[in-house]
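Participant: got a structure for you, letters missing:
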Ligand SMILES: N[C@@H](CCC(=O)N[C@@H](CS)C(=O)NCC(=O)O)C(=O)O
């Protein structure tokens, strides 16, 4: 199995966490987003969107991190990334989607490049843009976490799952861009708990072969 990814890509980071949580071995294939390797003919043949990550499995190419996460979950049952009851599963998926659908796409590299290059946003405006969407999403997530009776030490229950696969990379990105996280104590606590776990350490951007 080959994971085409970039150390600082949040969507790639999600997949690395899931694979490490399930203890699944994979080959790391770096795709440098800064030198636009993701737009090379070779990579576009793998992923027509020219986005990271992609997972190559027995001649099949999987794209879109939410679909890859679900495939991993369905292929390796233990430890589960989703709870058992359908209502609980929907809650965890909603937390993951809040990040994957409503925060991350607004702060993606191509969006930041567009607001800089085509809409003349200066570095301060870009930082405000990034902080605005992370803060709005985290405000809602913090309320969801407070309203989750089965929360335990994680987003849901007593083990990390699909929600943490999306949350921890988003917190990494928030810290990288200097977003104030003090209004989000539940998110900070979950991040601190996860950061100490071996799977999250192994998946961390700084610990990848292409980290600079
Ligand atoms: N919905 C896609 C989004 C993938 C995506 O946007 N990946 C980013 C890295 S985190 C990327 O390749 N960005 C390159 C660009 O924006 O040019 C997924 O979840 O896999």
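Facilitator: Sure, I can see it. As the structure is a computational prediction, the values presented were derived from the model and not from experiment.

Participant: phi, psi for residue 63 please.
Facilitator: The main-chain torsion angles of residue 63 are listed as degrees, to the nearest 10 and equal phi -130, psi 170.

Participant: same question, residue 57
Facilitator: Main-chain torsions, residue 57, degrees, to the nearest 10: phi -130, psi 110.

Participant: dump the residue contacts of the nearest residue to it once chain neighbours are set aside.
Facilitator: Beyond its immediate neighbours in the sequence, the residue positioned closest to residue 57 (Cβ to Cβ, 6 or more residues apart in numbering) is residue 1, lying 5.3 Å away. For every residue, glycine as well, the C-beta is placed using N, CA and C. Each residue near residue 1 by Cβ atoms under 8 Å, 6 or more residues apart in numbering is listed here: 24, 25, 26, 27, 55, 56, 57.

Participant: now do 7 Å
Facilitator: With contacts defined as Cβ atoms under 7 Å, 6 or more residues apart in numbering, the neighbours of residue 1 are 26, 27, 55, 56, 57.

Participant: redo the residues you listed as CSV? Include distance to residue 180.
Facilitator: Output for the contacts of residue 1, formatted as CSV (distance: Cβ to Cβ, whole Å):
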residue, distance to residue 180
26, 35
27, 38
55, 34
56, 39
57, 40
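
Participant: quick one: which of the residues you listed is most hemmed in?
Facilitator: For the contacts of residue 1, the largest neighbour count, defined by other Cβ atoms under 10 Å, is 25 neighbours, found at residue 55.

Participant: and the longest helix along the chain, what does it pack against?
Facilitator: Among the segments of the chain that qualify as a helix by DSSP state H, the longest is helix 123-146. When contacts are defined as 3 or more Cβ pairs under 7 Å, 6 or more residues apart in numbering; DSSP states H and E, helix 123-146 packs onto helix 86-102, helix 109-117, helix 185-195.

Participant: write out the residues of this structure neighbouring the ligand.
Facilitator: Applying Cβ under 6 Å from any ligand atom, one finds that the chain approaches the ligand through 9-11, 33, 38, 51-52, 64-66, 100, 108-110.

Participant: per-domain residue ranges of the protein.
Facilitator: Listed domain ranges for the chain are 2-78, 86-200 (source: automatic domain parsing).

Participant: who wins for proximity to residue 210 among these?
Facilitator: Comparing the domains of the chain against residue 210 with Cβ to Cβ, the closest turns out to be domain 2-78 (3.8 Å).

Participant: after the longest helix of the chain, next one along is what?
Facilitator: The helix or strand immediately downstream of helix 123-146 is helix 162-176, counting by DSSP states H and E.

Participant: ok, residues contacting that next one?
Facilitator: 10, 13-14, 17-18, 69, 81-82, 92-93, 95-96, 99-100, 103-104, 134, 154-156, 181, 187, 190-191, 194, 200, 205.

Participant: hmm, try it at 8 Å
Facilitator: Residues from elsewhere that reach helix 162-176, judged by Cβ under 8 Å, 6+ apart: 8, 10-11, 13-15, 17-18, 21, 69, 73, 81-82, 92-93, 95-96, 99-100, 103-104, 107, 134, 137-138, 141, 154-156, 181, 187-188, 190-191, 194-195, 200, 204-205.
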